[in-house]
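Novice: Sequence first, then the predicted structure:
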Amino acid sequence: MRRPVLTGLRLDVHRSILDINPDQWERWFGVDYPFLSWSFLAALERAQCTSAQNGWEPFHLILWEQGDNAEEEQVIAVAPGFLKSHSYGEYVFDWAWADAWQRTGRSYYPKLVSAAPFTPATGPRLYLNQSASDPAAKLLEAICQMSQDQEFSGWHVLFEEPELAQALKALGLHERQTCQFHWFNRNYQSFDDFLATFTSRKRKNLRKERANIEAQGLTLETLEGDEITPNLWSFFHYCYQVTYAKRSGHGGYLTREFFIEECQKLARYTVMVVAHDENTPVAAALYFRSADTLYGRYWGCLREYEHLHFEACYYRGIEYCIAHGLEHFDPGAQGEHKIQRGFEPVLTHSSHWVADPSFTEAVAGFCREECNHVAHYQRDAQQLLPFKAD
């Protein structure tokens with residue numbers, strides 16, 4: 001769908017990633033970051049994880065600008081996005097905002113979100129053609145006009161890279177921050193090399209946790225890409241759903257088709273740690289990877305074992321990073337228990353524009369106060385790391 005916006009600009013709306021040429025998408029966003037790759041977004045769509053019916057309607061925007069010649073146009077910005085009819089699966093919580101809109105008789109949904117669905121992992125969110133003049137400002141103006149026309153409550157860019165967050169803040173968007181816990185590879189040669197940076201007591205505690213895995217008769221294996229068989233994908237889906245239901249009372253966001261039919265097509269990105277009790281698989285952790293980063297994403301178990309979650313989701317991930325020379329391990333959102341295991345507090349960013357001017361001041365004040373709180377929390381968390389003083 002094509003929509004006229006400002007003079008000399010045209011905004012195209014694509015309601016399916018399948019309508020966009022994958023080679024062109026890769027020229028804009030590359031293939032390294034898994035969660036905004038054409039193949040990953042297509043997998044979610046084909047498996048019915050992202051659809052209008054479940055509140056994640058694909059709504060990808062391409063902004064064109066007319067050149068000096070009336071027949072020449074160039075893409076100056078691309079905003080992968082989704083129309084949301086709820087706030088689930090975003091990990092930047094705005095339920096209070098939705099409630100405030102509702103209490104004034106207005107609707108917070110639909111809203112436009114530029115994000116990697118169900119994935120609180122920092123990465124690219126927009127393509128901005130640097131050969132064009134002010135592509136971010138023009139994109140914002142086009143989105144503002146479209147949002148007013150279609151009565152979207154706002155535009156939200158989630159878990160973008162810090163440079164983009166600063167650029168959007170300079171354009172007047174409201175910045176929010178959260179704190180996650182990430183691991184950084186400081187040229188470690190082995191897991192013991194990493195542990196050598198811990199204080200004696202913390203090092204002893206962690207080694208005790210790892211030894212407990214073998215004491216329970218568990219063995220773990222790490223598999224990559226095509227090494228993950230269809231039977232293991234089926235097993236993982238079952239673990240994922242059982243664990244999600246125990247934790248939240250409902251099934252996970254990702255469908256059986258995603259794991260069993262689509263993940264095999266994403267072999268370049270996938271890593272799985274499988275835990276066995278004797279010869280029976282009992283738990284698994286799923287990671288995705290890029291050239292320099294490992295992303296811990298999903299976990300499931302059929303029985304409870306002491307410290308197995310830490311081993312499968314954290315320690316095996318650290319070992320994988322060291323063995324493959326990855327610089328960074330992002331194990332997912334939340335989890336203060338990660339601090340004592342050597343995961344450092346880092347800030348993540350999101351940017352927000354709201355269409356209704358009467359809410360602008362309240363949203364701005366909320367965001368400022370929240371950022372101050374998160375900054376204090378990060379500093380406090382830094383003091384709890386297990387590393388030696390030097």
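Specialist: Now that the structure is in, tell me what you want to look at.

Novice: Could you use CA atoms for every contact and neighbour count after this?
Specialist: OK.

Novice: shouldn't Phe236 be in contact with Gly300?
Specialist: Yes - the criterion here is CA atoms under 8 Å, and Phe236 meets it with Gly300 at 7.0 Å.

Novice: who has more neighbours, the two?
Specialist: Using other CA atoms under 10 Å, the more surrounded residue of Phe236 and Gly300 is Phe236, with 27 against 22.

Novice: What helices and strands are in contact with the host helix or strand of the more buried one?
Specialist: According to DSSP states H and E, Phe236 maps onto helix 230-248. The helices and strands touching helix 230-248, judged by 3 or more CA pairs under 8 Å, 6 or more residues apart in numbering; DSSP states H and E, are strand 280-289, strand 293-301.

Novice: circling back to that earlier point, hey, what's in contact with both of Phe236 and Gly300?
Specialist: Shared contacts of Phe236 and Gly300 (CA atoms under 8 Å, 6 or more residues apart in numbering): Ala283, Ala284.

Novice: Can you list the buried residues in the helix holding Phe236?
Specialist: Of the residues in helix 230-248, those buried under the neighbour-count criterion (16 or more other CA atoms under 10 Å) are 232-244.

Novice: just stretch 319-331 next, same as before
Specialist: Neighbour-count burial for stretch 319-331 [16+ other CA under 10 Å]: Glu319, Tyr320, Cys321, Ile322, Gly325, Leu326, Glu327, His328, Phe329, Asp330, Pro331.

Novice: how far is that stretch from where the chain is centred?
Specialist: How far stretch 319-331 lies from its chain's middle: 18 Å, per CA atoms, centre = their mean, to the nearest Å.

Novice: can you dump the C-alpha coordinates of that stretch into PDB?
Specialist: Output in PDB follows, covering the C-alpha atoms of stretch 319-331 (Å, rounded to 0.1, in the frame of the first residue of the first chain):
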ATOM      1  CA  GLU A 319      31.900 -21.700  27.200                       C
ATOM      2  CA  TYR A 320      30.500 -21.400  23.700                       C
ATOM      3  CA  CYS A 321      31.500 -17.800  23.500                       C
ATOM      4  CA  ILE A 322      35.100 -18.500  24.700                       C
ATOM      5  CA  ALA A 323      35.500 -21.500  22.300                       C
ATOM      6  CA  HIS A 324      34.200 -19.500  19.300                       C
ATOM      7  CA  GLY A 325      35.700 -16.200  20.000                       C
ATOM      8  CA  LEU A 326      32.400 -14.300  20.500                       C
ATOM      9  CA  GLU A 327      32.800 -11.000  22.300                       C
ATOM     10  CA  HIS A 328      29.400 -10.700  24.000                       C
ATOM     11  CA  PHE A 329      26.700 -12.900  25.600                       C
ATOM     12  CA  ASP A 330      23.200 -11.400  25.900                       C
ATOM     13  CA  PRO A 331      21.300 -14.000  28.000                       C
END
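
Novice: Give me the mean pLDDT for it.
Specialist: Stretch 319-331 comes out with an average pLDDT of 98.

Novice: In PDB, could you pull the C-alpha coordinates for stretch 132-145?
Specialist: Output of stretch 132-145 as PDB, limited to C-alpha atoms (Å, rounded to 0.1, in the frame of the first residue of the first chain):
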ATOM      1  CA  ALA A 132      20.000  11.500   2.000                       C
ATOM      2  CA  SER A 133      19.400  14.700   3.900                       C
ATOM      3  CA  ASP A 134      17.900  14.200   7.400                       C
ATOM      4  CA  PRO A 135      16.400  10.700   6.800                       C
ATOM      5  CA  ALA A 136      15.400  10.200  10.500                       C
ATOM      6  CA  ALA A 137      13.600  13.500  10.700                       C
ATOM      7  CA  LYS A 138      11.700  12.800   7.500                       C
ATOM      8  CA  LEU A 139      10.800   9.300   8.600                       C
ATOM      9  CA  LEU A 140       9.500  10.700  11.900                       C
ATOM     10  CA  GLU A 141       7.400  13.400  10.200                       C
ATOM     11  CA  ALA A 142       5.900  10.800   7.800                       C
ATOM     12  CA  ILE A 143       5.100   8.400  10.700                       C
ATOM     13  CA  CYS A 144       3.500  11.300  12.700                       C
ATOM     14  CA  GLN A 145       1.300  12.200   9.800                       C
END
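
Novice: Tell me which residues of that stretch come out buried.
Specialist: Quick answer for stretch 132-145 (16+ other CA under 10 Å): Pro135, Ala136, Ala137, Lys138, Leu139, Leu140, Ala142, Ile143, Cys144, Gln145.

Novice: Quick check: closest non-adjacent residue to the third one.
Specialist: Think Ala137. Nearest residue to Ala137, sequence neighbours excluded (CA to CA, 6 or more residues apart in numbering): Leu171, at 6.8 Å.

Novice: The one you found contacts Lys138, doesn't it?
Specialist: No - at 10.4 Å, Leu171 and Lys138 do not qualify as touching, with contact defined as CA under 8 Å.

Novice: List the beta-bridge partners for Glu224.
Specialist: Val271 (DSSP bridges).

Novice: Can you tell me how far Cys144 is from Gly81?
Specialist: 14 Å (CA to CA, to the nearest Å).

Novice: now swap in Phe191 and tell me
Specialist: 39 Å.

Novice: Counting neighbours around each, name which of the two comes out higher.
Specialist: Gly81 (27 against 16).

Novice: Excluding residues flanking it in the chain, which one is nearest the more buried one?
Specialist: Gly81 sits nearest to Ser114 (CA to CA, 6+ apart), 4.2 Å away.

Novice: what bridges to the one you found?
Specialist: Val157.

Novice: check contacts around it.
Specialist: Ala79, Pro80, Gly81, Phe82, Arg125, Trp155, His156, Val157, Leu158.

Novice: Report pLDDT for it.
Specialist: pLDDT, read off for Ser114, is 98.

Novice: same thing with Ala245?
Specialist: Here the pLDDT value assigned to Ala245 is 81.

Novice: Quick one: distance of the strand or helix carrying Asn212 to the chain centre.
Specialist: For Asn212, the host element (DSSP H and E) is helix 200-215. In terms of CA atoms, centre = their mean, the centre of helix 200-215 is set 30 Å apart from its chain centre.
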